[in-house]
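# Pasting the sequence and the predicted coordinates here, then a few questions.
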Amino acid sequence: MTTDDGEVFSVWYVYPEDECKNGTLAMARLRRGHRNWEKSRTIVPNLQYSAGNPVLFQVMDGRMWLLFVVLKGHYWGDAELQGCYSTDNGYTWSQPRAMWPDRGLMVRHPPMVLQDGGLLLPVYDENRRETVLLASPDNGNNWVEQYRFKDLPIIQPALVRHGESRLVIFFRPTGDPRYIWRAHSLNEGHNWSSPVRTPLPNPLSGIDAISLGQDIA
């Protein structure tokens with residue numbers, strides 16, 4: 001993630017052997033004008049549960065938000081979506097709090113800023129194996145479900161803007177046939193076309209997408 005003042009941050013989760021046990025969150029910073037990254041450090045160090053899937057983003061009021069999950073059980077279906085924020089460019093963080101009441105909601109990519117200034121966050125339901133879009137009108141403080149792609153085996157969505165009025169979302173499959181899916185919205189994510197399978201192969205692993213002018217990669 002690149003901040004408004006040009007600093008670059010990377011955040012990831014670290015675990016000794018099992019990704020669902022004793023996971024902690026780490027962050028590194030590359031200062032503007034510097035060529036070498038600062039030494040990484042643990043953030044949110046006193047979590048009672050194993051953590052995973054951290055997502056870092058900055059909102060319009062300048063705060064940096066960190067969303068992640070903590071495992072209140074044995075696997076991702078028991079994960080709770082939590083969040084905290086920093087007002088001093090990542091040096092200190094607020095106390096983490098639950099951002100969603102139901103377990104199993106997983107985050108992987110940062111939200112998109114919509115034309116009205118709201119946020120649209122792509123997430124997925126690990127228990128129902130469905131993709132969900134959460135909306136926040138208040139810079140990430142609160143989230144509501146805006147749309148759910150029901151009864152389709154597609155998860156880990158990646159969201160991009162293609163032109164001024166078109167949003168495109170990509171999904172990875174949960175099983176065979178192993179191809180990426182795609183859908184689009186013409187009204188800022190309130191309604192979506194029916195997802196279709198693309199010819200792009202996927203080995204059941206995470207995806208991302210960027211927009212390059214008129215093309216999407």
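Perfect, thanks for sending it. Numbering: from 1, shown residues only.

# what lines up beside the host helix or strand of residue 27 in the sheet?
Applying DSSP states H and E as the criterion places residue 27 in strand 24-30. Using DSSP bridges, the strands paired with strand 24-30 are strand 8-14 (antiparallel), strand 41-43 (antiparallel).

# Make a markdown table out of those strands and add mean neighbour count, mean pLDDT and distance to residue 206.
C-beta: built from backbone N, CA, C; applies to glycine. Output for the strands paired with strand 24-30, formatted as a markdown table (neighbours: other Cβ atoms under 10 Å; pLDDT from 0 to 100; distance: least, Cβ to Cβ, whole Å):
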| stretch | mean neighbour count | mean pLDDT | distance to residue 206 |
| --- | --- | --- | --- |
| strand 8-14 | 16 | 95 | 13 |
| strand 41-43 | 15 | 91 | 22 |
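
# which residues touch residue 154?
The contact partners of residue 154, by Cβ atoms under 8 Å, 6 or more residues apart in numbering, come to 130, 131, 171, 172, 173, 174, 181, 195.

# Go ahead and flag the most central residue of the protein.
The residue lying closest to the centre of the chain (Cα atoms, centre = their mean) is residue 109, at 2.6 Å.

# So it versus residue 159, what's the distance?
Plainly put, residue 109 is 7 Å away from residue 159 if you go by Cβ to Cβ, to the nearest Å.

# Give the intersection of the neighbour lists for these two.
Contacts common to residue 109 and residue 159, judged by Cβ under 8 Å, 6+ apart, are residue 122.

# ok, the residue nearest to the centre of the chain to residue 169 distance?
Going from residue 109 to residue 169 by Cβ to Cβ gives 10 Å.

# low-confidence ranges in this protein?
When residues are selected by pLDDT under 70, those of the chain lie in 213-217.

# and residue 78, how far is that from residue 20?
Going from residue 78 to residue 20 by Cβ to Cβ gives 9 Å.

# any residues in contact with both of the two?
Common neighbours of residue 78 and residue 20, counting by Cβ under 8 Å, 6+ apart, are residue 71.

# Can you show me the helices along the protein?
Using DSSP state H, the chain contains no helices.

# how many neighbours does the nearest residue to residue 194 once chain neighbours are set aside have?
Nearest non-adjacent residue to residue 194, counting by Cβ to Cβ, 6 or more residues apart in numbering: residue 183, 6.9 Å away. Residues near residue 183, counting by other Cβ atoms under 10 Å, number 20.
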